[in-house]
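**Q** task: produce atomic coordinates for the following.
(one chain, ligands or ions: 2)
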Amino acid sequence: MYANGKVALVTGAAQGIGRAMVEELLNKGAALAMVDQNRIAGEQCKASLDEKFGSNRTLFIQCDVTDQEQLRDAFQRTVKHFGRLDILVNNAGVNNEKDWEKTIEVNLISVIRGTYIGLELMNKKNGGQGGVIINISSLAGLTPAAYQPVYSASKHGVIGFTRSIAAMASIGNYGVRVNTVCPAFVDTPLLESIDKEENMGEYFQYKDNIKDMMKLFGILDPSLIAQGLVRLIEDETANGAVMKITTSRGIHFEEFSAQQRTKV
Ligand SMILES: NC(=O)C1=CN([C@@H]2O[C@H](COP(=O)(O)OP(=O)(O)OC[C@H]3O[C@@H](n4cnc5c(N)ncnc54)[C@H](O)[C@@H]3O)[C@@H](O)[C@H]2O)C=CC1
Ligand SMILES: CC/C=C\C[C@H](O)C(=O)/C=C/C=C/C=C\C=C\[C@@H](O)C/C=C\CCC(=O)O
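**A** Ligands and ions are numbered 1, 2, ... in the order given. The predicted structure is shown next:
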């Protein structure tokens, strides 16, 4: 699928990786619903993008993705405004080991719910036109994260769910591909959470250990994650793919043995 002329919905679009993805998709000719709980940042982001791309290419929708009604309404407003939905990026995420239930709600439950709503709209078996869904995980979804155990659990869950629903989409001939992206550290405001006790809780004492990891593994530019997103959108063979993005190896993929691959 080429993004040109397509309609995308991106959650967590007001800043960071989500904003980079929005800009890349606009560069590729897509129209987008930018979904975020932060109204101020979202409207500022739209105003800035309007100057470059025009005001009719984006729609900002304030939405807390953990609120089922708000999330469903965001999808419905998107289809009402643009007439269709082709690309969904479940990107919104938080790092909070103190309010760890919130981390599970935002990073995993809302990704699952968003995926299911997206499938309702895009699944060819439901009269949809097909499409592609990308769920944002993390390298912490593939490796242990001693200082972010619940964040890591949420991101492991994103990978397991994404690979599983991708297999179902293939078996069921949904016409929808579902993939996940696992970046290492990325230069966004999320990293500021490391320095906040209200985010790190009992792991706050280890903040310098995380910073040492960042020095060791480096910090990625959000634009590289956006490039990985476009690659998954355009590669029609990509379904159930686990894309990894690191400073050492750039964009590459997790390899799974035959036993680990779903036999469809
Ligand atoms: N920054 C990093 O090092 C990495 C980030 N990620 C993941 O990438 C995704 C994006 O993260 P960043 O851009 O770094 O974070 P960020 O904090 O810069 O941006 C996240 C955006 O999501 C929004 N958001 C948070 N909770 C929300 C909710 N309940 N409803 C609606 N919007 C909500 C925020 O308002 C914000 O605009 C997250 O899923 C994160 O876990 C993955 C690997 C590395
Ligand atoms: C507080 C920051 C919050 C979230 C940031 C992000 O989601 C995150 O957790 C990033 C983790 C980054 C880890 C970076 C490197 C990890 C390396 C080893 O654990 C695994 C080494 C290589 C695997 C990558 C590969 O090329 O296969």
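**Q** pull the number of nearby residues for the closest residue in space to residue 236 that isn't next to it in sequence.
**A** For residue 236, ignoring the flanking residues on the chain, the nearest one in space by Cβ to Cβ, 6 or more residues apart in numbering is residue 1 at 6.8 Å. Using the backbone N, CA and C atoms, a C-beta is placed for each residue, glycine as well. For residue 1, the tally of surrounding residues (other Cβ atoms under 10 Å) stands at 15.
**Q** next one: residue 1 from residue 186, what distance?
**A** 25 Å (Cβ to Cβ, to the nearest Å).
**Q** which residues are contacting the helix or strand where residue 60 lies?
**A** In this assignment (DSSP states H and E), residue 60 forms part of strand 58-62. For strand 58-62, the surrounding residues in contact (Cβ atoms under 8 Å, 6 or more residues apart in numbering) are 13-14, 22, 26, 31-39, 42-43, 45-46, 49-50, 74, 77-78, 81-82.
**Q** and ligand 1, which of those contact it?
**A** 14, 36-38 (Cβ under 6 Å from any ligand atom).
**Q** taking the residues you listed, please make a PyMOL selection of just the buried ones.
**A** One line in PyMOL is enough to select the buried members of the ones next to ligand 1 among the contacts of strand 58-62, burial here meaning 16 or more other Cβ atoms under 10 Å:
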select buried, resi 14+36+37
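**Q** inside strands: which ones of the ones next to ligand 1 among the contacts of strand 58-62?
**A** residue 36 (DSSP state E).
**Q** run through the residues of the stretch 151-264 of the chain sitting next to ligand 1.
**A** Counting by Cβ under 6 Å from any ligand atom, the stretch 151-264 of the chain sits next to ligand 1 at 183, 185-186, 188-191.
**Q** repeat that with 5 Å
**A** 183, 185-186, 188-190 (Cβ under 5 Å from any ligand atom).
**Q** could these go into TSV alongside distance to residue 245?
**A** Formatted as TSV, these follow (distance: Cβ to Cβ, whole Å):
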residue	distance to residue 245
183	5
185	10
186	8
188	13
189	18
190	15
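**Q** going through those, which ones are buried?
**A** Buried, going by 16+ other Cβ under 10 Å: 183, 185-186, 188, 190, out of these.
**Q** tell me which stretches of this structure form strands.
**A** Using DSSP E, strands in the chain cover 7-11, 31-36, 58-62, 87-90, 131-136, 176-183, 242-246, 250-253.
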